[in-house]
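[1] fold the following.
(chains A, B and C)
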Amino acid sequence: MPMTIQETDPPVPPDARLPEAFYRQPPPRLARALIGCRLFVDGAGGRIVETEAYDADDPASHSFGGRTLRNASMFGPPGHAYVYRSYGLHWCLNVVCGTVPGGAVLIRALEPERGLDRMQARRGGLAPRDLCRGPGRLCQALAVTGALDGCSMSAPPFILAAPVEGVAAIAGRRIGITRGAETPWRFGLAGSRFLSRPLRD
DNA sequence: ATATCGATGCCCT
DNA sequence: GGGCATCGATATG
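    Numbering: from 1, shown residues only, chains lettered A, B, ... in the order given. Below you'll find the predicted structure:
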């Protein structure tokens, strides 16, 4: 008989919905606040361990040059998704936020907790550690595509829930950008093994 | 451990 | 045509 992993999913948080005001804060603050939150897409996902902030005054941000067809969701309501295609092949998920238009938080990594079997099936049977370690990998594991661009994070298929335990977040420089590289708007859960890379200044 | 490279879509000049 | 908010494979210390 083949060795199978029996899933022992922890319970879904009873009230997943975060208040609308939660998303009305500047991207760096929301990026920090999202560390430790739980993100599920159709029940698959886990604890967010890595984020990055972007805003309209930021040369690294897709919203920097103003509204276009691709970034239109960044100028829509806070608390909705901005999903874009990266390097022609990957998808990346952001949470739109801020007190002015053009802000978003990129979800870069999470610690898988629920739906391990589905995530592994989508990711070629990789170990849990490698399922959601990076924004493109995370979207593949959770089946996030452009079809979810503009959708509310407070409605199916999304669940985004506040942490149930204390969170120690640390900051560093963002990854994979050329402009605005000094800005320390990358946040990570201290000590997590599920980061895409260690946090660096 | 770090470095380099190719794949690939599409927005923008 | 240039430039990516990436990934996986390969090469080398």
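[2] SS state for the residue in chain A that DNA strand B sits nearest to?
    Taking CB to the nearest atom of the strand, DNA strand B has its nearest neighbour within chain A at A:T68, 2.6 Å off. For the C-beta atoms, the positions are set from N, CA and C on the backbone; glycine is no exception. In three-state terms, and counting by DSSP: H, G, I helix; E, B strand; the rest coil, A:T68 is coil.
[3] quick one, phi psi at it?
    phi -130, psi -180 (degrees, to the nearest 10).
[4] residues near it, how many?
    11 (other CB atoms under 10 Å).
[5] for A:R122, same thing?
    Neighbours of A:R122 (other CB under 10 Å): 18.
[6] and the residue nearest the centre of chain A?
    A:I107 (1.9 Å; CA atoms, centre = their mean).
[7] right, and it touches A:T51 too?
    Yes: between A:I107 and A:T51 a contact is recorded at 6.0 Å, counting by CB atoms under 8 Å.
[8] overlap in contacts of the two?
    Common contacts of A:I107 and A:T51 (CB atoms under 8 Å, 6 or more residues apart in numbering): A:L34.
[9] for stretch A:53-61, what does the pLDDT average out to?
    Here stretch A:53-61 scores 94 as its mean pLDDT.
[10] now do the SS call for A:V96.
    State at A:V96, reduced to three classes by three-state DSSP: strand.
[11] identify the bridge partners of it.
    A:A104 (DSSP bridges).
[12] quick one, strands of chain A?
    Secondary structure of chain A (DSSP state E): strands at A:38-41, A:44-54, A:81-86, A:90-97, A:103-114, A:158-161, A:169-172, A:186-189.
[13] most packed of those strands?
    strand A:44-54 (a mean of 27; mean count of other CB atoms under 10 Å).
[14] how far away from the center of its chain is it?
    4 Å (CA atoms, centre = their mean, to the nearest Å).
[15] go on, stretch A:146-160?
    12 Å.
[16] now it: mean pLDDT?
    96.
[17] output that stretch as PDB, nothing but the C-alphas.
    Taking C-alpha atoms only, stretch A:146-160 is exported to PDB below (Å, rounded to 0.1, in the frame of the first residue of the first chain):
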ATOM      1  CA  GLY A 146      -5.700  36.500 -13.500                       C
ATOM      2  CA  ALA A 147      -9.300  35.300 -13.200                       C
ATOM      3  CA  LEU A 148      -9.200  36.500  -9.600                       C
ATOM      4  CA  ASP A 149      -7.900  40.000 -10.400                       C
ATOM      5  CA  GLY A 150     -10.200  42.600  -8.800                       C
ATOM      6  CA  CYS A 151     -12.000  40.100  -6.600                       C
ATOM      7  CA  SER A 152     -12.700  40.900  -2.900                       C
ATOM      8  CA  MET A 153     -10.400  39.300  -0.400                       C
ATOM      9  CA  SER A 154     -13.500  39.100   1.900                       C
ATOM     10  CA  ALA A 155     -15.500  36.800  -0.300                       C
ATOM     11  CA  PRO A 156     -15.200  33.300  -1.800                       C
ATOM     12  CA  PRO A 157     -12.900  31.900  -3.000                       C
ATOM     13  CA  PHE A 158     -10.700  34.000  -0.600                       C
ATOM     14  CA  ILE A 159     -10.500  33.800   3.100                       C
ATOM     15  CA  LEU A 160      -8.200  36.300   4.800                       C
END
